[in-house]
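S.K.: sequence and predicted model, in that order:
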Amino acid sequence: MNVTIKDVAKRANVAPSTVSRVIADSPRISEKTKRKVREAMKELGYHPNFIARSLANQSSQVIGIVMPSSTDQALQNPFFPEVIRGISKAAHEKKYALQMSTGEKESEIYEGVIEMLQGRRVDGVILLYSRTNDKLMKYLQKNRFPFVVIGKPHQMAEQITHVDNDNYRAAKEATQYLVELGHKRIAFVGGNISYLVTVDRLLGYEAALKEAGLPYRQEYIMHEEFLKEGGQEAMKELLSLREPPTALVVADDLMALGVLNTLDEMNVRVPEDISIVSFNNTLLAELSRPPLTSVDIHIFQLGYEAAKSLIEKIANPNEPVKRIIIPHQLMKRFSCDDDQMK
């Protein structure tokens with residue numbers, strides 16, 4: 001025989017309406033009462049019928065996750081599984097499920113997300129990127145659909161809740177570290193310039209060079225995809241220059257792995273011949289040879305705060321716009337030589 005809300009209410013000695021509010025995690029119910037009701041649910045083996053609840057309150061209890069490119073390609077980069085892990089943790093705490101965008105091209109992803117929204121399959125979405133003139137972001141704003149961005153929005157950032165790092169400052173500090181080691185020829189290997197994270201990191205790199213009195217060389221700026229192959233392509237171009245760089249700021253650990261592979265093939269030693277500072281501090285940074293000096297941007301926390309903010313926005317459409325900045329930290333390892341002076 002199925003256990004009902006009335007059975008749970010009787011066991012917990014509360015009204016059935018109180019049980020319903022506990023299931024909905026209503027802030028009007030005290031933590032003491034919530035614990036009592038949840039214990040009764042556990043003892044009786046009661047599981048809420050979320051489908052029925054969704055139909056009743058027109059909520060899907062699902063968060064949509066929008067990738068920057070094809071899911072298969074994006075998930076090759078450790079950044080995305082880790083940020084999704086953070087989103088999943090916050091979603092689980094509030095009994096939300098996740099649905100990811102699919103599609104190979106930007107247009108396919110856009111159409112798929114529009115279908116997701118119009119079919120009310122999700123209550124809100126998290127964009128795992130911020131690019132210039134993004135059609136989807138404009139659609140979400142126009143239709144006042146709850147969304148949160150991981151990254152800094154290109155326009156009207158003060159009107160959009162977003163979770164980000166101070167990428168300008170992080171890149172500036174990474175470049176300054178190489179300057180302090182004595183490097184004068186420092187290159188920048190970044191991702192697609194249409195992404196705001198790339199723009200901010202490039203500006204931080206430029207600022208550090210300017211403060212150090214070092215020239216900005218256009219031939220030292222490379223923009224590739226955030227994939228291993230992108231790092232390989234960038235490295236081949238840089239090493240073919242008449243004056244190749246002695247140090248690199250690489251905007252992603254996976255790209256840096258491609259850089260390391262290419263340098264190894266060309267018998268260029270790291271850090272003896274060239275130093276590298278990377279970003280993200282994923283497991284790749286620790287396992288690479290040599291282990292990479294990398295900027296820890298606390299990826300899990302980016303995802304967790306984004307999901308938490310979105311759920312708050314879903315529960316209260318009048319929730320104020322937030323700008324949440326997650327701190328960063330330079331993790332020094334062996335891809336930079338503290339003893340060398342170039």
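M.R.: Everything's here; your move.
S.K.: CA atoms for contacts and neighbours, from now on please.
M.R.: Fine.
S.K.: just the strands in the stretch 101-250 of the chain please.
M.R.: 124-127, 147-150, 162-164, 186-190, 221-223, 247-250 (DSSP state E, counting those that start in this stretch).
S.K.: these: which one's closest to E82?
M.R.: The closest of the strands of the stretch 101-250 of the chain to E82 is strand 147-150. By CA to CA, the value is 13.0 Å.
S.K.: domains in the protein, by residue range?
M.R.: Per automatic domain parsing, the structural domains of the chain span 62-165+299-327, 167-297.
S.K.: mean pLDDT lowest where, among these?
M.R.: Sorting the domains of the chain by mean pLDDT places domain 62-165+299-327 lowest, at a mean of 90.
S.K.: follow-up on the earlier one: right, and the domains of the chain - which one's nearest K32?
M.R.: Comparing those by CA to CA, domain 62-165+299-327 comes nearest, at 17.5 Å.
S.K.: what's the span of the closest one, first residue to last?
M.R.: Start-to-end span of domain 62-165+299-327 (CA to CA, to the nearest Å) is 28 Å.
S.K.: also stretch 136-148?
M.R.: Stretch 136-148: ends 12 Å apart by CA to CA.
S.K.: what do you get for stretch 94-109?
M.R.: Taking CA to CA, stretch 94-109 runs 27 Å from one end to the other.
S.K.: turn the domains of the chain into TSV, including distance to V8 and mean neighbour count.
M.R.: Supplementary listing: the domains of the chain in TSV, determined by distance: least, CA to CA, whole Å; neighbours: other CA atoms under 10 Å:
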stretch	distance to V8	mean neighbour count
domain 62-165+299-327	19	18
domain 167-297	44	20
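S.K.: turn these into a markdown table, including distance to N2.
M.R.: Formatted as a markdown table, those follow (distance: least, CA to CA, whole Å):
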| stretch | distance to N2 |
| --- | --- |
| domain 62-165+299-327 | 22 |
| domain 167-297 | 46 |
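S.K.: between the ones you listed, which one is closest to V37.
M.R.: The closest of the domains of the chain to V37 is domain 62-165+299-327. By CA to CA, the value is 16.1 Å.
S.K.: the residue most central in space within the chain sits in which helix or strand?
M.R.: Central residue of the chain (CA atoms, centre = their mean): V83, 4.8 Å from the mean position. Using DSSP states H and E, the element containing V83 is helix 79-93.
S.K.: who touches the helix or strand following that helix?
M.R.: Counting by DSSP H and E, the next helix or strand C-terminal to helix 79-93 is strand 97-100. Under the contact criterion CA atoms under 8 Å, 6 or more residues apart in numbering, strand 97-100 has outside partners 61-67, 88, 91, 122.
S.K.: in this structure, which spans are helices?
M.R.: 5-12, 16-23, 31-44, 50-57, 71-74, 79-93, 106-118, 135-142, 167-180, 196-211, 228-239, 253-265, 283-287, 299-315 (DSSP state H).
S.K.: export those helices to CSV and tack on distance to S335?
M.R.: Shown next, in CSV, are the helices of the chain (distance: least, CA to CA, whole Å):
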stretch, distance to S335
helix 5-12, 59
helix 16-23, 51
helix 31-44, 50
helix 50-57, 51
helix 71-74, 26
helix 79-93, 20
helix 106-118, 35
helix 135-142, 38
helix 167-180, 11
helix 196-211, 18
helix 228-239, 15
helix 253-265, 10
helix 283-287, 10
helix 299-315, 21
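S.K.: closest one to G190 among the ones you listed?
M.R.: Among the helices of the chain, helix 196-211 comes nearest to G190, with 5.9 Å by CA to CA.
S.K.: roughly how far is stretch 300-318 from the heart of the chain?
M.R.: Relative to its chain's centre, stretch 300-318 lies at 13 Å (CA atoms, centre = their mean, to the nearest Å).
S.K.: output it as PDB, nothing but the C-alphas.
M.R.: What follows is stretch 300-318, C-alpha atoms only, in PDB (Å, rounded to 0.1, in the frame of the first residue of the first chain):
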ATOM      1  CA  PHE A 300      33.400  23.900  -8.400                       C
ATOM      2  CA  GLN A 301      32.600  27.000  -6.500                       C
ATOM      3  CA  LEU A 302      31.700  28.900  -9.800                       C
ATOM      4  CA  GLY A 303      29.100  26.200 -10.600                       C
ATOM      5  CA  TYR A 304      27.800  25.900  -7.000                       C
ATOM      6  CA  GLU A 305      27.200  29.600  -6.600                       C
ATOM      7  CA  ALA A 306      25.600  29.900 -10.100                       C
ATOM      8  CA  ALA A 307      23.100  27.100  -9.300                       C
ATOM      9  CA  LYS A 308      22.400  28.500  -5.900                       C
ATOM     10  CA  SER A 309      21.700  32.000  -7.300                       C
ATOM     11  CA  LEU A 310      19.500  30.600 -10.100                       C
ATOM     12  CA  ILE A 311      17.300  28.600  -7.600                       C
ATOM     13  CA  GLU A 312      16.900  31.700  -5.500                       C
ATOM     14  CA  LYS A 313      15.900  33.600  -8.600                       C
ATOM     15  CA  ILE A 314      13.400  30.900  -9.600                       C
ATOM     16  CA  ALA A 315      11.900  30.900  -6.100                       C
ATOM     17  CA  ASN A 316      11.700  34.800  -6.000                       C
ATOM     18  CA  PRO A 317      11.500  36.600  -9.400                       C
ATOM     19  CA  ASN A 318      12.200  39.800  -7.600                       C
END
